[in-house]
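Got a predicted structure plus its sequence, pasted below:
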Amino acid sequence: MTELQKIFLFYTFMYFMVKGALFVALYVVTIILEKKAREKHALLQAYLAKKRAEEKKRWQTAYNLYLRKYQPAEKIKLSRAA
């Protein structure tokens with residue numbers, strides 16, 4: 001093998017080593033980012049569920065007040081008409 005072929009093989013080997021190391025590094029970074037994103041998503045889902053429950057409770061109170069105010073009046077009107 002000539003000196004030029006040895007140099008070519010050495011640099012080709014180095015190229016594949018760097019490419020493999022870069023692949024492994026990016027793969028590990030992707031796994032870490034995905035784990036953090038899943039944790040953040042779980043926290044967001046819990047926050048939204050809590051917020052929706054509070055909003056449902058607030059609106060339920062409003063609907064109860066509305067029904068208590070207007071429903072008896074409608075029952076009285078209907079009973080007089082009959």
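That came through fine. Because the structure is a prediction, the values reported are computed rather than measured.

Just want the phi and psi numbers for T2.
The phi/psi pair for T2 (degrees, to the nearest 10) reads phi -80, psi 170.

what about it, distance to Y11?
Separation of T2 from Y11 (C-beta to C-beta, to the nearest Å): 14 Å. Glycine gets a C-beta too; all of them are placed from N, C-alpha and C.

Looking at these two, which one has more neighbours?
For T2 versus Y11, neighbours defined as other C-beta atoms under 10 Å are more numerous around Y11 (10 against 7).

And that one, how far from T30?
Using C-beta to C-beta, one gets 28 Å for the distance from Y11 to T30.

ok, now K6?
Using C-beta to C-beta, we find K6 at a distance of 36 Å from T30.

just L9 next, same as before
According to C-beta to C-beta, L9 stands 31 Å off from T30.

Next: H41.
Distance of H41 to T30, given as C-beta to C-beta: 16 Å.

Same check on L43?
As for L43, its distance to T30 is 21 Å (criterion: C-beta to C-beta).

Kindly report the same for Q71.
Separation of Q71 from T30 (C-beta to C-beta): 58 Å.

same question, F23
Distance, F23 to T30, using C-beta to C-beta: 11 Å.

A37 too?
Separation of A37 from T30 (C-beta to C-beta): 10 Å.

need the helices for the protein, in chain order.
Using DSSP state H, the helices of the chain run over 3-81.

most centrally placed residue in it?
Compute the mean C-alpha point of the chain, and by C-alpha atoms, centre = their mean the closest residue is H41, 3.3 Å away.

so what's that one up against?
Not one residue lies near H41 by C-beta atoms under 8 Å, 6 or more residues apart in numbering.

okay, it: pLDDT?
Confidence at H41, expressed as pLDDT, is 98.

And it, how far from E54?
21 Å.

Could you report the neighbour count for Q5?
For Q5, the count of nearby residues is 9 (other C-beta under 10 Å).

likewise R52?
Neighbour count for R52, taken as other C-beta under 10 Å: 10.

gap between it and I7?
Look at R52 and I7: by C-beta to C-beta, they are 66 Å apart.
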